[in-house]
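A.B. asks: can you look at this prediction? I've put the sequence above it.
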Amino acid sequence: ALAIVAVLGPSLVNVVIALAFTAFPFYGRIARAQTLSVKETDYVKAAEAMGQKPIKIILKHITPNIMAPVIVCLGMDMATMVIWESGLSFLGLGVRPPTASWGIMLRNGYKYIQVSPWTIVWPALAIAFSMIAFSLFSDGLRVALDPKERNR
């Protein structure tokens, strides 16, 4: 992400492009692994035996069953993306200053750390609490979307 933003230049759109571009292979691997697992299940084989078209099998049987792990991983990665964006903004490669960013707040407060250390405490706590919130949200999604967990 650092190299992509360095080449494209610092802006919110470029940060989003860089984060999406670097996270895309991870989600592709998860989707592929889930697809390989789901396509071997009995209900997919039964749909094939009944003569359903491949596109209908993909849309009706495979896609809904691979989305739960992808959505859960997305929730977990939101915490990581907050850190990435804050880090890029702290280095001056993220969003530009009228746009609010915790990385910019940390960079501005870093200059005054000897005089007023609380200027970096609040953005750092906001980052930490958002990471905890995204992790708890993702865990709740995992429980809600997992059929095995739903029955417990």
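C.D. replies: Arrived safely, thanks for sending.
A.B. asks: contacts and neighbour counts: CA atoms only from here.
C.D. replies: Will do.
A.B. asks: isn't Leu88 right next to Gly103, touching?
C.D. replies: Yes. Look at Leu88 against Gly103 with Cα atoms under 8 Å: they come within range, at 7.2 Å.
A.B. asks: so what's Leu106 up against?
C.D. replies: Applying Cα atoms under 8 Å, 6 or more residues apart in numbering to Leu106 gives the contacts 90, 119-120, 123-124.
A.B. asks: model confidence for Leu125, exactly?
C.D. replies: In this model, Leu125 is scored at 93, pLDDT.
A.B. asks: so it is in which element?
C.D. replies: Counting by DSSP states H and E, the element that carries Leu125 is helix 118-145.
A.B. asks: quick one: buried residues of that helix?
C.D. replies: Residues of helix 118-145 classed as buried: 119-120, 123-124, 127, 130-131, 133-135, 138-139, 141-143, 145 (neighbour count, 16 or more other Cα atoms under 10 Å).
A.B. asks: who has more neighbours out of Leu88 and Gly103?
C.D. replies: The neighbour count for Leu88 versus Gly103, taken as other Cα atoms under 10 Å, is higher for Gly103 (26 against 21).
A.B. asks: tell me how far that one lies from Ser130.
C.D. replies: To Ser130, Gly103 is 14 Å away according to Cα to Cα, to the nearest Å.
A.B. asks: same check, this time on Gly94
C.D. replies: For Gly94 relative to Ser130 (Cα to Cα), the value is 18 Å.
A.B. asks: before we move on, the earlier item: just flag the most distant two among the contacts of Leu106.
C.D. replies: Greatest spatial distance in these: Phe90 and Thr119, 14.0 Å, computed using Cα to Cα.
A.B. asks: what bits of the protein have low per-residue confidence?
C.D. replies: In the predicted model, the chain carries pLDDT under 70 at residues 2, 147-152.
A.B. asks: what about the helices in it?
C.D. replies: Secondary structure of the chain (DSSP state H): helices at 2-8, 12-38, 42-49, 54-57, 63-90, 102-110, 118-145, 147-150.
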